[in-house]
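A.B. asks: Predicted model and sequence below, questions to follow.
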Amino acid sequence: EIFSFMLAVVTFNSCVTSLRLNEVRIPMHTVRHQDARLECHFDLEGEALYSVKWYKDGNEFFRYVPKDQPPIQLFNLPGVTVEITNSTASLVVLKSVNLSSTGRYRCEVSAEAPSFQTVSDHGDMTVVAFT
């Protein structure tokens with residue numbers, strides 16, 4: 001009985017681990033007044049996408065939910081201005097960054113029901129000003 005229980009757990013876990021975050025690209029340094037590209041590359045591996053969310057210092061500023069109309073939702077955050085026309089599920093473009101745009105950016109990808117599996121990764125961006 002113990003063996004069959006463990007086998008079931010292993011099988012369940014292998015089904016759950018299908019969503020994979022391949023790469024998160026955050027520019028380490030960006031020049032003030034220039035745009036910054038934040039990239040989140042993921043592989044759904046058969047899962048349906050529920051959402052992609054972006055956070056700066058723990059605060060959500062961008063949400064992509066393909067089932068919603070419109071699919072992109074923005075949240076006001078100092079130092080973060082999203083260029084919505086060039087932003088997608090895997091790319092967020094920040095317009096004309098400033099010194100308060102410096103921070104830790106995290107991409108979080110969630111699969112649709114029934115798994116609702118979530119993966120995330122982050123990177124730090126520093127905005128520099130030349131005088």
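C.D. replies: That came through, no problem.
A.B. asks: tell me, what residue is most central in the protein?
C.D. replies: residue 107 (2.1 Å; C-alpha atoms, centre = their mean).
A.B. asks: CA atoms of the helix or strand where that residue lies as CSV?
C.D. replies: Residue 107 is part of strand 103-111, with elements assigned from DSSP states H and E. The C-alpha trace of strand 103-111 is given here as CSV (Å, rounded to 0.1, in the frame of the first residue of the first chain):
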residue,chain,number,x,y,z
GLY,A,103,14.1,48.3,-8.5
ARG,A,104,13.5,44.6,-8.5
TYR,A,105,11.2,43.4,-11.3
ARG,A,106,9.5,40.0,-11.2
CYS,A,107,7.6,38.1,-13.8
GLU,A,108,5.0,35.6,-12.6
VAL,A,109,3.3,33.2,-15.0
SER,A,110,0.2,31.1,-14.0
ALA,A,111,-1.4,28.2,-15.8
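A.B. asks: The residue nearest to the centre of the chain touches residue 91, doesn't it?
C.D. replies: No. Residue 107 lies out of contact with residue 91 (C-beta atoms under 8 Å); the separation is 10.3 Å. Just so you know, the C-beta spots here come from the backbone N, C-alpha and C atoms, and that holds for glycine as well.
A.B. asks: list residues touching both of those two?
C.D. replies: The contact sets of residue 107 and residue 91 overlap at 38, 40 (C-beta atoms under 8 Å, 6 or more residues apart in numbering).
A.B. asks: how close does the closest residue in space to residue 39 that isn't next to it in sequence get to residue 94?
C.D. replies: Spatial nearest neighbour of residue 39, chain neighbours left out: residue 25 (3.9 Å); criterion: C-beta to C-beta, 6 or more residues apart in numbering. Residue 25 is 13 Å from residue 94, where distance means C-beta to C-beta, to the nearest Å.
A.B. asks: Neighbour count: those two, which is higher?
C.D. replies: residue 94 (27 against 14; other C-beta atoms under 10 Å).
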